[in-house]
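Enquirer: Provided below are the primary sequence and the corresponding predicted coordinates.
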Amino acid sequence: MKTMKTMVDPMDNIARQAQQGSVAAIIAILNEKLADSGVRTRAMIADGALQVLCEAPSIEQLEQASLVDRVRQILERISPRKIRRVNINSRIVREQQLLWLEEIQRNPEDLLWSEEITLARGNPVKRFLEDRKTARALKVIKPTPSAREERAKRQFWRGILGGVSFSVLLLILAGVAYKWLQNSQVAEAENATMQVASEAAPTGGEAIAPSPSPAAASPAASPPATTDPFVQAVRLAEQAAREGKVAKTSADWLNLASRWQEASDLMAQVTTQDGRYATAQNRIQAYRLNSEAALKEAQDLR
């Protein structure tokens, strides 16, 4: 008989992501909490702050004092990591605009109002306890697989092991070939060096030792930094692109939106002195558009 524990509520997972600073998850929670008032939100990180746009069909739904207070309470309850400054903007709802931040910065007169707030710091002890509670809740016991599933699983792993063994064999053969080629090149270089030394030797018969090459005299080059924001962003974007081909659920698209936003934020860390700065600026925008598109997919599925 199959046994299974109750699965974790998807909203708990979204809340967890929002606490980690996922902009996509924060938007999902804001929209859920403000749905009763008819207010729809969009958000992104820009200029060191969380930029939030609140839209509704009428001015009465966007009354500044009450809406700012509700958004503040929701965000302080979430207590997202690394987010303290929040700039709240409001306007009458209009057609979907992926570049809404650029639009309101270009035409600030379209806004009803704009207000910046600073979130109160969360209780670190409370956050620690919530993190432990969430970690325990995520430990879900999987159902006992049937005989057919076990057989399929064994066949799958046999296929994996066979593929890995073949790949290892190819790597070994490639390594042997590379070593042989390298040794051949070293031997040729040594022969050429000895020949040059013998030709350049003085008449007394004593050969002059060749001077060490700059590559040998200089210390070994340090490995490339693993904290390069450009490289991290590209890797994250490639992973998101692959996962986007198989995304099905609202949670899948929410995760993708979070990954694209994180890739955009990493590209924003590339300095003006970096030779890839112009490319990074283009990708900030492209990754941000992908994040908003994935968020829209998640909202449509919900």
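Expert: Great, that's in hand. Quick caveat, the model's predicted, so the values are computed rather than measured.
Enquirer: Give me the residues contacting stretch 233-244.
Expert: Stretch 233-244 is contacted from outside by 252, 255-256, 259-260, 262-264, 266-267, 280, 283, 287, 290, 294, using Cβ atoms under 8 Å, 6 or more residues apart in numbering. Heads up, the C-betas are built off the backbone N, CA and C, glycines and all.
Enquirer: for this protein, what helix or strand is lowest in average pLDDT?
Expert: Sorting the helices and strands of the chain by mean pLDDT, DSSP states H and E puts helix 214-217 at the bottom, at a mean of 36.
Enquirer: Output the below-cut-off pLDDT ranges for the stretch 201-302 of the chain.
Expert: 201-226 (pLDDT under 70).
Enquirer: I'd like the distance between Arg158 and Ser79.
Expert: Separation of Arg158 from Ser79 (Cβ to Cβ, to the nearest Å): 47 Å.
Enquirer: what ranges do the helices span in this structure?
Expert: Using DSSP state H, the helices found in the chain span residues 10-19, 23-34, 64-78, 100-106, 124-137, 147-200, 214-217, 229-244, 250-267, 277-301.
Enquirer: and of the ones you listed, who's closest to Gln51?
Expert: Closest of the helices of the chain to Gln51 is helix 100-106, at 5.7 Å (criterion: Cβ to Cβ).
Enquirer: And the closest one, how far out from the chain middle?
Expert: Computed by Cα atoms, centre = their mean, to the nearest Å, the separation of helix 100-106 from the middle of its chain amounts to 25 Å.
Enquirer: Return the list of helices and strands in contact with it.
Expert: Other elements packing on helix 100-106 under the criterion 3 or more Cβ pairs under 8 Å, 6 or more residues apart in numbering; DSSP states H and E are strand 40-46, strand 49-56.
Enquirer: Can you check the pLDDT for the closest residue to Gln17 other than its chain neighbours?
Expert: Leaving aside its chain neighbours, Gln17 sits nearest to Ala25 (3.8 Å; criterion: Cβ to Cβ, 6 or more residues apart in numbering). Ala25 carries a pLDDT score of 92 in this model.
Enquirer: about what we covered before: okay, Arg158 and Ser79: which has more neighbours?
Expert: Ser79 (18 against 10; other Cβ atoms under 10 Å).
Enquirer: pretty sure that one is touching Gln19, no?
Expert: Yes - contact criterion Cβ atoms under 8 Å: Ser79 and Gln19 qualify, at 6.3 Å.
Enquirer: quick one: contacts for the closest residue to Lys33 other than its chain neighbours?
Expert: Leaving aside its sequence neighbours, Lys33 sits nearest to Ile74 (Cβ to Cβ, 6+ apart; 5.1 Å). Going by Cβ under 8 Å, 6+ apart, Ile74 touches 29-30, 33-34.
Enquirer: Nearest to Val168 among these?
Expert: Using Cβ to Cβ, those come closest to Val168 at Ile29, 46.6 Å.
Enquirer: got any ranges where the stretch 51-200 of the chain has weak pLDDT?
Expert: Using pLDDT under 70, the stretch 51-200 of the chain drops low at 96, 122-146, 182-200.
Enquirer: 80 instead?
Expert: Residue ranges of the stretch 51-200 of the chain with pLDDT under 80: 95-98, 121-150, 153, 162-163, 165, 175-200.
Enquirer: okay, now the residue nearest to Gln17: neighbour count?
Expert: Look at Ala25: counted by other Cβ under 10 Å, it has 28 neighbours.
Enquirer: Then the one 3 residues further on?
Expert: Number of residues near Ala28 (other Cβ under 10 Å) recorded here: 26.
Enquirer: give the contact list for it.
Expert: Ala28 neighbours (Cβ under 8 Å, 6+ apart): 14, 18, 254, 295, 298-299, 302.
Enquirer: Filter those down to just the buried residues.
Expert: Among the contacts of Ala28, those classed as buried by 16 or more other Cβ atoms under 10 Å are 14, 18, 254, 295, 298-299.
Enquirer: Quick check: the farthest pair among the residues you listed?
Expert: Maximum pairwise distance in the buried ones among the contacts of Ala28, criterion Cβ to Cβ, is 14.8 Å, between Ala18 and Gln299.
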